[in-house]
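Asks: no sequence on this one, just coordinates:
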């Protein structure tokens, strides 16, 4: 029954010829899959099989809900069945690459274990497909080489190898170079000074980003490898010439006296710059047979080294200044007045004096004044290294420059070549007046020895005289009665 021939049901429709309800009519849904027999005919599904492709999803569900092909268990051909994609992986069964990373969902799920819904599973900035294709990069690990930099940053920002923690093989990890030292992780010698970055940091302590750490004009590699100088010290031998300059002028930056003449390289270099005939690389610059150290740069009669080293009684004088203490006496004449005759006031019988002090004995008389007396009241030379030449208890200064003020006016100094008064005591004679007492003894009443009067000035008319001065008091105490009247100098004329 049912109006369909048994042969048609069996051979064509594959329905049951004994059940009229099973007759394949368009309006019927013989397999209960949600599609009518007519629809199944349109979609090519089996009206008698609710899951024509055996993918676990009813044909009607695939058509109406999933919109997948009910005749194919893997609609998009990504090696994941429609059921798995729909219910398990949540991928799109109609799109083989749900996340658009150029890996199909089956590869991601079954082979690489990446997330088929996330194009960058490890969040390192690189798509999963790129990481899969790049040998050594792990699409599941954002830092494949464990150097502290993400794979994406290494490739995109730094140009380093994301599969090698030390891209430039300088023994510093890429992360250390970028985040700690500021060096170039793709260049083992960032500053191109001939030393690799690791050695600069851990061996020499130099700056791997500065080719010349001590700014001496020599790069660090040249100092370490060529000259043996200290790349952290611009003046390795502490001679006040920096290493770069020493290399330039030919001196040894590790030796303060390159030519061995006992003069420092600095001293000789400075002299050469002043136009003097000295060279820090030649120990006898003028080839006269005398080492430069024993030449006499200031022509004062003392060799350079003697002056520098205080050979003469410990006096360290200036080898470039013939009169170190500016007392008009040249250093050589002060040290050895009997053997040296160079300065204008030389006297072969001068006493030695201190060339570093203009008043060697501190008696308020300069060395020059002591060896060349200018006061007309005496003509004796005193010892510039002895404040009381005659040992009479009166310093030379007081004996020479104090005398009786005949006017009684302490503010009116006497005038050279126009002086009248009582002679002072003699600084070279301990008993000027020849009495029983030395000039400085307490019992001496009057050490002076006579009245003098000079009436002939070198020019002009002599001034009016004030008469013969009074005699000194009967008793004189040298510390109470001597009156200061002033220096007698040519400036007072």
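Replies: Thanks, I have the structure now. These numbers come from a predicted model, not from an experiment. Numbering: from 1, shown residues only.
Asks: mind listing what's buried in stretch 200-217?
Replies: Of the residues in stretch 200-217, 200-201, 204, 206-208, 211-214, 216 count as buried by neighbour count, 16 or more other Cβ atoms under 10 Å. For glycine as for every other residue, the C-beta is placed from the backbone atoms N, C-alpha and C.
Asks: residue nearest the middle of the chain, spatially speaking?
Replies: Closest residue to the average C-alpha location of the chain: residue 214 at 5.5 Å, with Cα atoms, centre = their mean.
Asks: pLDDT score assigned to that one?
Replies: pLDDT recorded at residue 214 is 98.
Asks: how near is it to residue 224?
Replies: Separation of residue 214 from residue 224 (Cβ to Cβ, to the nearest Å): 12 Å.
Asks: from what I can see the residue nearest to the centre of the chain touches residue 232, true?
Replies: Yes. The criterion here is Cβ atoms under 8 Å, and residue 214 meets it with residue 232 at 5.5 Å.
Asks: residue 354 reaches residue 370, doesn't it?
Replies: No. Using Cβ under 8 Å, residue 354 makes no contact with residue 370, being 11.8 Å away.
Asks: comparing the two, which residue is more hemmed in?
Replies: residue 370 (28 against 23; other Cβ atoms under 10 Å).
Asks: contacting residues for the more buried one?
Replies: Counting by Cβ atoms under 8 Å, 6 or more residues apart in numbering, residue 370 makes contact with 351, 353, 381-384, 396.
Asks: which helix or strand contains it?
Replies: Using DSSP states H and E, residue 370 sits within helix 367-371.
Asks: chain center to that helix: distance?
Replies: Relative to the mean C-alpha coordinate of its chain, helix 367-371 is positioned 52 Å out (Cα atoms, centre = their mean, to the nearest Å).
Asks: one more: stretch 236-255?
Replies: Using Cα atoms, centre = their mean, the offset of stretch 236-255 from its chain centre is 17 Å.
Asks: give me the residue ranges of the stretch 1-150 of the chain where confidence is low.
Replies: Within the stretch 1-150 of the chain, the segments meeting pLDDT under 70 span 1-24.
Asks: where do the helices sit along it?
Replies: Ranges of helices in the stretch 1-150 of the chain, per DSSP state H, counting those that start in this stretch, are 6-8, 37-43, 59-61, 82-84, 105-106, 128-133.
Asks: format those as TSV; extra columns: mean neighbour count and distance to residue 309.
Replies: Converted to TSV, the helices of the stretch 1-150 of the chain look like this (neighbours: other Cβ atoms under 10 Å; distance: least, Cβ to Cβ, whole Å):
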stretch	mean neighbour count	distance to residue 309
helix 6-8	12	135
helix 37-43	17	116
helix 59-61	23	111
helix 82-84	22	99
helix 105-106	24	92
helix 128-133	20	76
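Asks: now render these as a markdown table, adding distance to residue 172.
Replies: Formatted as a markdown table, the helices of the stretch 1-150 of the chain follow (distance: least, Cβ to Cβ, whole Å):
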| stretch | distance to residue 172 |
| --- | --- |
| helix 6-8 | 84 |
| helix 37-43 | 65 |
| helix 59-61 | 60 |
| helix 82-84 | 48 |
| helix 105-106 | 42 |
| helix 128-133 | 25 |
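Asks: what about residue 177, how many neighbours?
Replies: Neighbours of residue 177 (other Cβ under 10 Å): 29.
Asks: that one contacts residue 187, correct?
Replies: No. Residue 177 is not in contact with residue 187 according to Cβ under 8 Å; the separation is 9.2 Å.
Asks: what do those two both touch?
Replies: Contact with both residue 177 and residue 187 is made by residues residue 168, according to Cβ under 8 Å, 6+ apart.
Asks: where does the prediction get shaky in the stretch 301-450 of the chain?
Replies: Applying pLDDT under 70 to the stretch 301-450 of the chain flags the ranges 338-350, 373-380, 392, 394, 398-450.
Asks: sorry, back to before: top of the contacts of residue 370 by number of neighbours, please.
Replies: residue 384 (29 neighbours).
Asks: next, the contact list for that residue, please.
Replies: When contacts are counted by Cβ under 8 Å, 6+ apart, residue 384 touches 351, 353-354, 359-361, 365-367, 370-371.
Asks: next one: residue 115
Replies: Residue 115 sits next to 99, 108, 121, 128 when contact means Cβ under 8 Å, 6+ apart.
Asks: neighbours of the first one, how many?
Replies: This means residue 99. 21.
Asks: if I look at it, how far off is residue 59?
Replies: Applying Cβ to Cβ to residue 99 and residue 59 gives a distance of 28 Å.
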